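Would you be able to build a 3D model of this:
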Amino acid sequence: MMHHQGTVPMETEHLLLRPVTVADAQAMYDHWASDSEVTKYLTWPTHTSVDMTAAYLNWTVQQYTRPDHYHWGIVEKQSGQLIGNISVVRLTEEIDAAELGWVMGRAWWGRGFMPEAARVVLRFLFDKVGANRIYAGHDAENIKSGRVMQKIGMRYEGRQRSAGRNNRGVVDMDLYAILKSDDTGS
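Next comes the predicted model:
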């Protein structure tokens, strides 16, 4: 059984993970939500205005009252800029499982920030919440997201054909997971 904690602030060597606020709308819009290259593989549309981003953040902030809502903004410590987010997009209580999703602005790709953020979220979900299985999936053509999954110790579980829909349409999905018994504490 999972013991939900809600979105608690966390810190890594290079990052702060914290709840988002509506005041983050401009940064989110500028850094990733309005960038069609970033949102190409996402399940929500590219934002066309800061107001659209603010409405999404307003909804997210309202969800923080629930102890089973996990959604962190990722802030690069050095610059103080909000560069992405990571969240639990689905919980399956019957098997103590959590599905992760993430996004990061293109300017910060390839610098190791997403694996760093995902590792601290894994630790939190395994050690504090009591998850047994943490999983994620990606559009089969989004190999960079798959690399993040591999770097955090997730194992490839297979490809589901025509199993997802994103901004490209119906796509094949590659699935990865890590169990608490697989986790080495890294």
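
Show me where the protein dips below the pLDDT cut-off.
184-186 (pLDDT under 70).

C-terminal to the longest helix seen in it, what's the next element?
Determined from DSSP state H, the single longest helix within the chain is helix 50-63. Toward the C-terminal end, the helix or strand that comes next after helix 50-63 (DSSP states H and E) is strand 71-76.

Quick one: name whatever helix or strand follows that following strand.
strand 82-92.

which residues make contact with that next one from outside it?
Contact with strand 82-92 is made by 2, 17, 20, 24, 27-28, 31-32, 68-76, 97-105, 107-108, 113-114, 117-118, 121, 125, as judged by CB atoms under 8 Å, 6 or more residues apart in numbering. Where you see a C-beta, it was placed from the backbone N, CA and C, and this is true even at glycine.

repeat for stretch 106-124
5, 8, 10-15, 17, 31-32, 35, 37-38, 70, 72, 74, 76, 83-84, 86, 100, 102, 104, 134, 144, 148, 151-153, 178, 183, 185-186.

switch to 7 Å and redo it
Stretch 106-124 is contacted by residues 10, 12, 14-15, 17, 35, 37-38, 74, 76, 83-84, 86, 100, 102, 104, 134, 148, 151-152, 178, 183, 186 when judged by CB atoms under 7 Å, 6 or more residues apart in numbering.

coming back round to it: quick one: the longest helix of the chain to strand 71-76, angle?
120 degrees (axes from the mean of the first three to the mean of the last three CA atoms, to 10 degrees).

In strands, which of the contacts of strand 82-92 fall?
Counting by DSSP state E, the part of the contacts of strand 82-92 found in strands is 17, 71-76, 97-104.

what's the farthest-apart pair in those?
With CB to CB as the measure, no two of the ones in strands among the contacts of strand 82-92 lie farther apart than 76 and 97, at 29.8 Å.

Using PDB, write out every CA atom in the strand or helix carrying residue 134.
Assessed by DSSP H and E, residue 134 sits inside strand 133-139. Provided in PDB are the C-alpha atoms of strand 133-139 (Å, rounded to 0.1, in the frame of the first residue of the first chain):
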ATOM      1  CA  ARG A 133       6.700  -0.400  -9.800                       C
ATOM      2  CA  ILE A 134       7.600   2.800 -11.600                       C
ATOM      3  CA  TYR A 135       7.100   2.800 -15.300                       C
ATOM      4  CA  ALA A 136       7.100   5.100 -18.300                       C
ATOM      5  CA  GLY A 137       6.400   4.900 -22.000                       C
ATOM      6  CA  HIS A 138       7.500   6.900 -25.000                       C
ATOM      7  CA  ASP A 139       6.600   7.300 -28.700                       C
END
